[in-house]
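Trainee: got a predicted structure plus its sequence, pasted below:
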Amino acid sequence: MFAISIDGPAGAGKSSVAKAAAKELGFTYVDTGAIYRAIALYMLEKGVDLEDPAAVTAELTGVEVSLEYGEFGQRTLLGGRNVSEEIRTQEVSMATSKWVAHIPEVREFLVGIQRGLARKSNVIMDGRDIGTVILPDAQLKVFLTASAEERARRRTRQLEEAGEPADFQQVLKEVVQRDKQDAAQLDLLPEDGVVLDSTGLSFRQVVERLTAMARERMGNEGGGKG
């Protein structure tokens, strides 16, 4: 199997780019961030104190999260319920980044799920520590980034298109704050990773660069669709 890992800061477009590239390459797209978000949503709905790692860890046994693939792409299921839209709110995003994603037990809980998906088919997986921890043997490891201002503009536009009020300066402040929270993870660029800076590039250009790198690496490795 051939695996592509995509790491990088929040708002760099990892999920959108990975999803489009997966479709062109015939790969399975795995949005690991959606799984983290589903856990955060579960904890919020349960009223768990997210500032208490022990309390969050104790509730993990009740979490049933899975990814479902169909004609319309990936759906995130929590206890069998489709929460694909609910996990994209600002509240869930901040809860995921500020607390849930930093708890070692949560990360360990998800490793098996993520690696299992990569054993079943050719995958593009984006999220946290994908190239360094989850898929250290991935044949192509990409670190997708963009300036904080560029990422804030994209996030503001995304919120506005979803009908949510958004202020650019506030979104930029949140992007910078999240970068500080994620600093430890963002320093973990795999030694054999490739940096792809999307600042100033169109979405199409980023996808084309990623798929070109993948096809070149697959040719060298003798890989292909699966």
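Mentor: Everything's here; your move.

Trainee: per-domain residue ranges of the chain.
Mentor: What automatic domain parsing lists as the domains of the chain is 1-26+124-215, 28-120.

Trainee: between those, which one is nearest to Glu221?
Mentor: Nearest to Glu221, of all the domains of the chain, is domain 1-26+124-215, at 5.3 Å by Cβ to Cβ. Placement of C-beta: from N, CA and C, glycine included.

Trainee: which elements pack onto the longest helix seen in the chain?
Mentor: Longest helix of the chain, by residue count under DSSP state H: helix 203-221. Using 3 or more Cβ pairs under 8 Å, 6 or more residues apart in numbering; DSSP states H and E, the elements in contact with helix 203-221 are helix 14-25, strand 140-145, strand 194-197.

Trainee: next, the buried residues of it.
Mentor: Neighbour counts using 16 or more other Cβ atoms under 10 Å place Val206, Val207, Arg209, Leu210, Thr211, Met213, Ala214, Arg217, Met218 of helix 203-221 among the buried residues.

Trainee: can you check stretch 83-91 too?
Mentor: Neighbour-count burial for stretch 83-91 flags Val83, Ser84, Glu86, Ile87, Arg88, Thr89 (criterion: 16+ other Cβ under 10 Å).

Trainee: now the helices for the chain?
Mentor: 14-25, 32-46, 53-59, 90-98, 104-120, 148-161, 168-181, 183-186, 203-221.

Trainee: looking at those helices, which is nearest to Pro136?
Mentor: helix 104-120 (10.1 Å).

Trainee: elements contacting that closest one?
Mentor: Packed next to helix 104-120, using 3+ Cβ pairs under 8 Å, 6+ apart, are strand 28-31, helix 32-46, helix 53-59, strand 123-126.

Trainee: can I get the longest one in PDB, CA atoms only?
Mentor: Once side chains and other backbone atoms are set aside, the C-alpha atoms of helix 32-46 remain, and they are given as PDB (Å, rounded to 0.1, in the frame of the first residue of the first chain):
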ATOM      1  CA  THR A  32      -8.000  12.300  11.200                       C
ATOM      2  CA  GLY A  33      -8.800  15.700  12.500                       C
ATOM      3  CA  ALA A  34     -12.500  14.800  12.200                       C
ATOM      4  CA  ILE A  35     -12.000  11.900  14.600                       C
ATOM      5  CA  TYR A  36     -10.400  14.200  17.200                       C
ATOM      6  CA  ARG A  37     -13.200  16.700  16.700                       C
ATOM      7  CA  ALA A  38     -15.800  13.900  17.200                       C
ATOM      8  CA  ILE A  39     -14.200  13.100  20.600                       C
ATOM      9  CA  ALA A  40     -14.200  16.800  21.600                       C
ATOM     10  CA  LEU A  41     -17.900  17.000  20.600                       C
ATOM     11  CA  TYR A  42     -18.700  13.900  22.700                       C
ATOM     12  CA  MET A  43     -17.000  15.400  25.700                       C
ATOM     13  CA  LEU A  44     -18.800  18.700  25.300                       C
ATOM     14  CA  GLU A  45     -22.100  17.000  25.000                       C
ATOM     15  CA  LYS A  46     -21.300  14.900  28.100                       C
END
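
Trainee: can you check what angle separates that helix from helix 14-25?
Mentor: 130 degrees (axes from the mean of the first three to the mean of the last three Cα atoms, to 10 degrees).
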